[in-house]
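Chemist: Fold the following, please.
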Amino acid sequence: MKHDWLIPDWPAPANVRACVTTRAGGASQAPFDSFNLGAHVQDDAQAVASNRRQLTDTLQVQPAWLSQVHGVNVVQADPARVDEADASWTAMSGVACTIMTADCLPALFCDRAGTRVAAAHAGWRGLAAGVLEATADSLAVAPGEILVWLGPAIGQPSFEVGGEVREAFVSSHPQTAAAFIPSINAGRFMADIYALARLRLAAHGIDAVYGGGLDTYTDTRFFSYRRSARTGRFASLVWLANA
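Modeler: Numbering: from 1, shown residues only. As a prediction, this is how the structure comes out:
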């Protein structure tokens, strides 16, 4: 494992492995410097391919990449294809459920028995539409048997949204009003994406939620779309170790 990659601090079973990459150590040139894993951001294709090979070689697993569209579709992870979806699950060892982000929330899931893992990409649209709940359901166990780790995402001090975003959450989950504070700009709010995720998961019966507290906008270890629209993507991965 590369020294600067994040290892989730959560009580997952020993056979459940996970990590989050950072910007450093890859082949991409500015503004994608340097460990960009996104093939859709107009970075040099050979640089992206080199970075992805380095990821696979370092982790000794096969990432299952997705074409993310801010929806709620959850698929079975398959390294042989790129599905249009925003979450994946697997019960197969050596296959990594892989999410790319640059401010959106990556959420990693496992069951307490260590038989399935899943990963979700949750921007505000997907979060409001239920992508975390759909991902939890893909584990096919009771909510109390699920552990979730929330990876690096944009922090509340950096995440200004319009009133329509607040309404998208509060209209179906009134308790999420607590995740918004008024901005200094009239009619706008500062949203806490971590709190929104925890509240939605709690409403789904999932309370074993870990992680959170980072801000990709201010933490330059990570790519941030709001900080620089022309930028790369880092990855959050979860997998079952080979027996």
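Chemist: so where's the chain shaky on pLDDT?
Modeler: Residues of the chain meeting the criterion pLDDT under 70: 1, 243.
Chemist: Can I get stretch 100-111 in PDB, CA atoms only?
Modeler: Presented in PDB, the C-alpha positions along stretch 100-111 are these (Å, rounded to 0.1, in the frame of the first residue of the first chain):
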ATOM      1  CA  MET A 100     -14.200   7.700  -8.400                       C
ATOM      2  CA  THR A 101     -14.900  11.100  -6.800                       C
ATOM      3  CA  ALA A 102     -13.700  14.700  -6.600                       C
ATOM      4  CA  ASP A 103     -16.100  16.200  -3.900                       C
ATOM      5  CA  CYS A 104     -19.000  13.800  -4.100                       C
ATOM      6  CA  LEU A 105     -19.200  11.300  -1.200                       C
ATOM      7  CA  PRO A 106     -17.700   7.800  -1.600                       C
ATOM      8  CA  ALA A 107     -19.400   5.300   0.800                       C
ATOM      9  CA  LEU A 108     -18.000   1.800   1.400                       C
ATOM     10  CA  PHE A 109     -20.200  -1.000   2.800                       C
ATOM     11  CA  CYS A 110     -19.700  -4.500   4.200                       C
ATOM     12  CA  ASP A 111     -21.700  -7.000   6.200                       C
END
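Chemist: neighbours around the closest residue to residue 187 other than its chain neighbours, how many?
Modeler: Using C-beta to C-beta, 6 or more residues apart in numbering and skipping the chain neighbours, the partner closest in space to residue 187 is residue 163 (5.5 Å). The C-beta positions use only the backbone N, C-alpha and C, and glycine is treated the same way. Residue 163 is flanked by 13 other residues according to other C-beta atoms under 10 Å.
Chemist: Kindly confirm whether my reading is correct that residue 163 touches residue 189.
Modeler: Yes - using C-beta atoms under 8 Å, residue 163 is in contact with residue 189, at 6.9 Å.
Chemist: Which positions in stretch 63-81 come out as buried?
Modeler: Neighbour-count burial for stretch 63-81 flags 63-66, 68, 71-79 (criterion: 16 or more other C-beta atoms under 10 Å).
Chemist: Who are the packing partners of the biggest helix by length in the chain?
Modeler: The longest helix of the chain (DSSP state H) is helix 45-59. Secondary-structure packing of helix 45-59 (3 or more C-beta pairs under 8 Å, 6 or more residues apart in numbering; DSSP states H and E): strand 62-64, strand 234-240.
Chemist: and the residue lying farthest from the centre of the chain, how far is that from residue 168?
Modeler: Most distant from the centre of the chain: residue 186, at 30.3 Å, with distances by C-alpha atoms, centre = their mean. Computed as C-beta to C-beta, to the nearest Å, the residue 186 to residue 168 distance reads 19 Å.
Chemist: Check residue 72 too.
Modeler: Remark: distance between residue 72 and residue 168 (C-beta to C-beta) = 13 Å.
Chemist: Okay, helices next: where are they in the chain?
Modeler: Using DSSP H, helices in the chain cover 45-59, 124-129, 131-138, 163-170, 193-203.
Chemist: Using a markdown table, lay out those helices together with distance to residue 115.
Modeler: Output for these, formatted as a markdown table (distance: least, C-beta to C-beta, whole Å):
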| stretch | distance to residue 115 |
| --- | --- |
| helix 45-59 | 20 |
| helix 124-129 | 25 |
| helix 131-138 | 12 |
| helix 163-170 | 32 |
| helix 193-203 | 20 |
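Chemist: Quick one: closest of those helices to residue 221.
Modeler: Evaluated over the helices of the chain, closeness to residue 221 peaks at helix 45-59, with 15.6 Å, by C-beta to C-beta.
Chemist: if we can go back for a sec, which residues touch the residue nearest to residue 187?
Modeler: 187-189 (C-beta atoms under 8 Å, 6 or more residues apart in numbering).
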